[in-house]
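# next come a sequence and a model predicted from it.
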Amino acid sequence: MLGPGLVAAMAGDDAAGIATYSSVGAAYGYDLIWVLLLITVSLAVVQEMSARLGAATGRGMLDLVRERFGITWALVMVVVVLVANAGVILAEFVGIGAATELLGVDKRVSIPLSAAVIWYLVTAGSYSRVEKIFVLMTLVFFAYPATAFIAGPDWGAVGHGAFIPTLRKDADFILLFVALVGTTITPYMQLFQQSSIVEKGVARRHYGPERLDAYVGSVFSNFVAVMIIVATGATLHATGHTSIETAAEAAEVLRPVAGDAAQMLFAVGLLGASFIAAAVLPLTTAYTMSEAFGFTKGVNLDFRRARVFYSVFTGLLVFGVVVSLIPGLPVMDLLVAVSALNGILLPVLLYFLLRLINDHRLVGDLRNGTVYNVLGWGTLVFVSVAVFALLASQALGLFGIELADLLGG
């Protein structure tokens with residue numbers, strides 16, 4: 001049953017995601033857990049629609065966009081996906097290097113070795129084999145619930161943060177609120193989900209298990225995110241370490257507070273998360289570019305029959321390895337720029353997804369019902385407002401103006 005839905009959702013808990021969740025927990029404790037509970041519903045709906053569109057049409061997102069909306073829109077999405085995903089791939093290899101160094105392995109060894117393993121797994125196997133390996137690797141995320149319990153949180157306070165909404169007007173709160181939304185629902189997750197369903201060859205009549213896969217993946221992914229917030233809220237926030245910029249920094253600070261076991265588990269989780277995302281992102285980009293231009297694609301094909309697909313995949317891995325080993329790389333600045341690009345792309349992708357999944361000519365009886373349309377369009381509006389707030393806060397910051405000041409805070 002488990003496959004693309006679980007892998008796509010867990011890839012969203014990548015190095016940047018872990019850094020964001022750690023920052024939320026360190027800065028505000030459990031106050032934003034309620035946001036994740038709400039986002040879980042949106043994430044599950046969006047991922048399920050992507051899977052259903054793939055099963056109904058047997059085609060990827062960019063293939064359908066090119067046919068229904070024209071080559072111009074397809075090209076715009078290709079450029080943004082390529083630039084944004086390249087930046088995130090770089091962050092994943094930086095995450096691999098940081099995690100292995102916490103575990104005592106030099107990044108100059110671990111980063112190239114990880115890329116070589118990823119390349120071999122994808123190019124030397126069938127889709128079924130690759131999917132099974134990815135699903136198995138998601139077990140590493142249980143490191144975060146274990147870390148949360150080791151941290152010994154006040155579960156009453158956790159429950160309060162989960163079910164009693166807290167809002168503030170300060171700029172840092174607004175930024176982390178928006179970042180929490182953006183890092184939980186990211187465009188590459190929907191693109192990978194749909195393309196994987198297509199390559200898996202899921203027929204319309206066999207779609208039921210894939211719906212459950214999308215739901216399980218979304219719930220487990222956000223459960224892990226909550227556990228990261230709980231772990232860092234119970235340790236870093238409680239001891240005054242309220243400013244965390246990277247997941248590796250969170251792991252380092254955990255050690256004196258919660259012990260060696262907590263640091264090791266956090267580092268293991270970071271390594272596994274970065275590894276899965278470093279494989280999923282190049283695959284997603286290769287699927288996207290091949291679909292947009294009509295090239296053959298798929299893990300089941302060899303290099304001779306899918307040259308463009310494997311060339312894009314390999315080129316992105318090489319890019320990630322080479323650039324991540326450059327000393328003094330401004331990773332956080334890159335992540336901010338990449339997040340902005342992903343933020344711009346997400347509402348556009350959700351709009352096309354909703355248009356396509358409601359096209360009776362394409363999906364027939366698998367089109368959205370009323371409930372899914374309300375949740376889907378509501379998610380689009382919510383994400384668009386969040387993205388606008390993020391971009392507005394960044395733009396105003398260039399002129400020394402705080403968004404909170406304009407909101408009366």
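Arrived safely, thanks for sending.

# counting neighbours, what do you get for the residue nearest to residue 342 when sequence neighbours are not counted?
Excluding its sequence neighbours, the residue lying closest to residue 342 (C-beta to C-beta, 6 or more residues apart in numbering) is residue 84, at 5.0 Å. Placement of C-beta: from N, CA and C, glycine included. Neighbours of residue 84 under the rule other C-beta atoms under 10 Å: 25.

# how about whichever helix or strand residue 84 is part of: buried residues?
Per DSSP states H and E: residue 84 is located in helix 71-102. By neighbour count with 16 or more other C-beta atoms under 10 Å, helix 71-102 contains the buried residues 73-74, 77-78, 80-81, 84-100, 102.

# sort out which residues of the helix or strand following that helix are buried, please.
Downstream of helix 71-102, the next assigned helix or strand under DSSP H and E is helix 107-123. By 16+ other C-beta under 10 Å, the buried positions in helix 107-123 come out as 107, 110, 111, 112, 114, 115, 118, 119, 121, 122.

# where in the stretch 1-150 of the chain is pLDDT low?
Along the stretch 1-150 of the chain, the model assigns pLDDT under 70 to residues 1.

# what's the closest of the buried residues of helix 107-123 to residue 318?
residue 115 (7.5 Å; C-beta to C-beta).

# on that earlier part again, and the residue nearest to residue 342, how far is that from residue 119?
Relative to residue 119, residue 84 is positioned 22 Å away (C-beta to C-beta, to the nearest Å).

# over to residue 350?
Distance of residue 350 to residue 119, computed by C-beta to C-beta: 32 Å.

# residue 303: what secondary structure?
Following DSSP: H, G, I helix; E, B strand; the rest coil, we place residue 303 in the coil state.

# tell me the phi and psi of it?
phi -60, psi -40 (degrees, to the nearest 10).

# quick one: the nearest residue to it once chain neighbours are set aside and residue 34, what's the gap?
Closest residue in space to residue 303, ignoring its immediate chain neighbours: residue 310 at 4.8 Å, by C-beta to C-beta, 6+ apart. Residue 310 is 44 Å from residue 34, where distance means C-beta to C-beta.

# give me the more crowded residue out of those two.
residue 310 (22 against 17).

# within the helices and strands, which one has that one?
Counting by DSSP H and E, residue 310 is found in helix 307-324.

# quick one: contacts of that helix?
For helix 307-324, the surrounding residues in contact (C-beta atoms under 8 Å, 6 or more residues apart in numbering) are 85-86, 89-90, 92-94, 97, 107, 111-112, 115, 118-119, 122-123, 278, 281-283, 285-287, 289-290, 293, 295-298, 301, 303, 329.

# pLDDT of stretch 361-373, averaged?
Here stretch 361-373 scores 90 as its mean pLDDT.

# no wait, stretch 321-337
74.

# my guess is residue 164 contacts residue 34. True?
Yes. With contacts counted by C-beta atoms under 8 Å, residue 164 reaches residue 34, the gap being 7.0 Å.

# what sits up against stretch 128-144?
Contacts for stretch 128-144 (C-beta under 8 Å, 6+ apart): 2-4, 6-7, 10, 13, 121-122, 125, 196, 200, 220, 224, 227-228, 231, 265-266, 268-269, 271-273, 275-276, 279-280, 299.

# among those residues, which ones are buried?
2-4, 6-7, 10, 13, 121-122, 196, 200, 220, 224, 227-228, 231, 265-266, 268-269, 271-273, 275-276, 279-280, 299.

# now, the contacts of stretch 128-144 that are in strands?
Judged by DSSP state E, strands contain none of these.

# which helices and strands does the helix or strand hosting residue 361 pack with?
Using DSSP H and E, residue 361 sits within helix 360-363. Using 3 or more C-beta pairs under 8 Å, 6 or more residues apart in numbering; DSSP states H and E as the contact test, the elements touching helix 360-363 are helix 33-57, helix 331-357.

# now do the helices in the stretch 151-300 of the chain.
Using DSSP state H, counting those that start in this stretch, the helices of the stretch 151-300 of the chain run over 155-163, 171-184, 187-200, 208-232, 247-258, 260-293.
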